[in-house]
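Mind folding the following:
(one chain, ligands or ions: 1)
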Amino acid sequence: MNMPATNNATAYGRLTQAFQFARKCAGDARELIKLQQIALVAGQAERELGLQFGGLKHYGRILFLTGDSEQHLPVYQSTPLLPWWRFLREANLSRGLRFIDLGSGLLKACAVARMHFKDVTGCELNPVVAARSVKVRDRLGMKDLRIMNRDFFGEDFTLNEYDVVYAYYPFYLNYEELMYRRLMGTKPGTKIILCNGNPPPNSQFRYLNATYYPRHGTFFHMYEKT
Ligand SMILES: C[S@@+](CC[C@H](N)C(=O)[O-])C[C@H]1O[C@@H](n2cnc3c(N)ncnc32)[C@H](O)[C@@H]1O
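Take a look at the predicted model:
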């Protein structure tokens with residue numbers, strides 16, 4: 001009966017690898033604990049809203065507004081915390097830059113960004129998600145993190161007061177093109193970070209770098225508005 005031994009060895013190997021990856025991503029133990037706290041608090045909110053498997057359809061709410069149509073996301077997804085933190089640490093962006101997450105959901109990406117940037121804003125369309133994300137924020141003790149319950153495609157919405165604009169993909173149908181048009185409204189020098197998805201097809205965005213994290217099947221692209 002050597003099966004259990006093999007399984008244990010595999011499980012041990014996987015655990016060791018996961019631990020080594022976590023150590024590489026987090027700068028120190030305090031950061032690792034904070035990431036763990038974000039995962040627990042935001043993860044619990046995702047489960048309670050039934051987002052992990054069900055999307056938001058059952059709330060009867062619009063999930064995506066794309067100007068001429070409404071779309072529902074089949075499955076809610078959120079930024080993987082460890083690769084995101086590692087990317088941010090290695091990107092060497094000044095802490096004083098103003099950061100916004102377009103479609104901030106239950107705040108995973110924003111909360112990690114708040115570990116680095118002093119000025120962080122989340123913009124979330126869905127009122128149920130936005131209200132719940134306020135609770136997530138408060139439980140994480142990040143009361144200065146701004147949350148707007150707004151449509152970032154809205155006509156009165158502008159991006160020119162931000163220095164770092166983040167968005168998690170995938171986006172659907174005509175969403176991507178609208179998103180690029182919206183990103184054109186950033187001021188020159190703005191850093192644009194996209195998680196997964198395609199690069200903006202436009203010469204107005206200078207490519208800076210991309211990092212792929214195979215463990216999570218996730219990559220981040222960074223551009224600069226010219
Ligand atoms: C895939 S989730 C990403 C959550 C978060 N950025 C993260 O990575 O942890 C996308 C979120 O964008 C929101 N959203 C979609 N269209 C939006 C719009 N036009 N304006 C504001 N939020 C929007 C959805 O309601 C959803 O919560």
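
Give the phi and psi angles for the residue of the chain found nearest the ligand, as a check.
Taking C-beta to the nearest ligand atom as the measure, the chain has residue 103 as its residue closest to the ligand, at 2.3 Å. Every C-beta, even on glycine, is put in place using the N, C-alpha and C of the backbone. Dihedral pair for residue 103: phi 90, psi 70, per degrees, to the nearest 10.

tell me the phi and psi of the closest residue to residue 219 other than its chain neighbours?
Leaving out its chain neighbours, the residue that sits closest to residue 219 by C-beta to C-beta, 6 or more residues apart in numbering is residue 212, at 4.2 Å. Dihedral pair for residue 212: phi -110, psi 130, per degrees, to the nearest 10.

Next, count neighbours for residue 212.
Residue 212 has 11 neighbouring residues, counting by other C-beta atoms under 10 Å.

who's in contact with the residue of the chain closest to the ligand?
Counting by C-beta atoms under 8 Å, 6 or more residues apart in numbering, residue 103 touches 123-125, 152, 167-168.

Quick check on those residues: which are buried?
Listed as buried from the contacts of residue 103 are 123-125, 152, 167-168; burial here means 16 or more other C-beta atoms under 10 Å.

Which residue in those has the weakest pLDDT?
Across these, the smallest pLDDT goes to residue 125, namely 84.

roughly how far apart are that residue and residue 79?
17 Å (C-beta to C-beta, to the nearest Å).

For the host helix or strand of residue 176, C-alpha coordinates in PDB please.
Assessed by DSSP states H and E, residue 176 sits inside helix 175-183. Provided in PDB are the C-alpha atoms of helix 175-183 (Å, rounded to 0.1, in the frame of the first residue of the first chain):
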ATOM      1  CA  TYR A 175     -16.800  45.900 -24.400                       C
ATOM      2  CA  GLU A 176     -13.200  45.800 -25.300                       C
ATOM      3  CA  GLU A 177     -13.400  48.400 -28.000                       C
ATOM      4  CA  LEU A 178     -15.400  50.700 -25.700                       C
ATOM      5  CA  MET A 179     -12.800  50.200 -23.100                       C
ATOM      6  CA  TYR A 180     -10.000  51.300 -25.400                       C
ATOM      7  CA  ARG A 181     -12.000  54.400 -26.300                       C
ATOM      8  CA  ARG A 182     -12.500  55.200 -22.600                       C
ATOM      9  CA  LEU A 183      -8.700  54.700 -22.000                       C
END
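
right, is it up against the ligand?
No - against the ligand, helix 175-183 shows no contacts by C-beta under 6 Å from any ligand atom, the least distance being 7.7 Å.

Give the rounded mean pLDDT of the helix or strand hosting residue 113.
Using DSSP H and E, residue 113 maps to helix 108-114. For helix 108-114, mean pLDDT rounds to 97.

what sits up against it?
Against helix 108-114 from outside (C-beta under 8 Å, 6+ apart): 35, 38-39, 42, 78-79, 81, 84-85, 88, 99, 101, 104, 120-122, 136-137, 140, 142, 145, 164, 166, 168, 195.

Show me these that map onto helices.
Among the contacts of helix 108-114, DSSP state H puts 35, 38-39, 42, 81, 84-85, 88, 136-137 in helices.

which residues does residue 165 bridge with?
Beta-bridge pairing of residue 165 under DSSP bridges involves residue 100, residue 192.

So for stretch 86-96, what gets flagged as buried?
Across stretch 86-96, burial judged by 16+ other C-beta under 10 Å covers 86-88, 91, 93.
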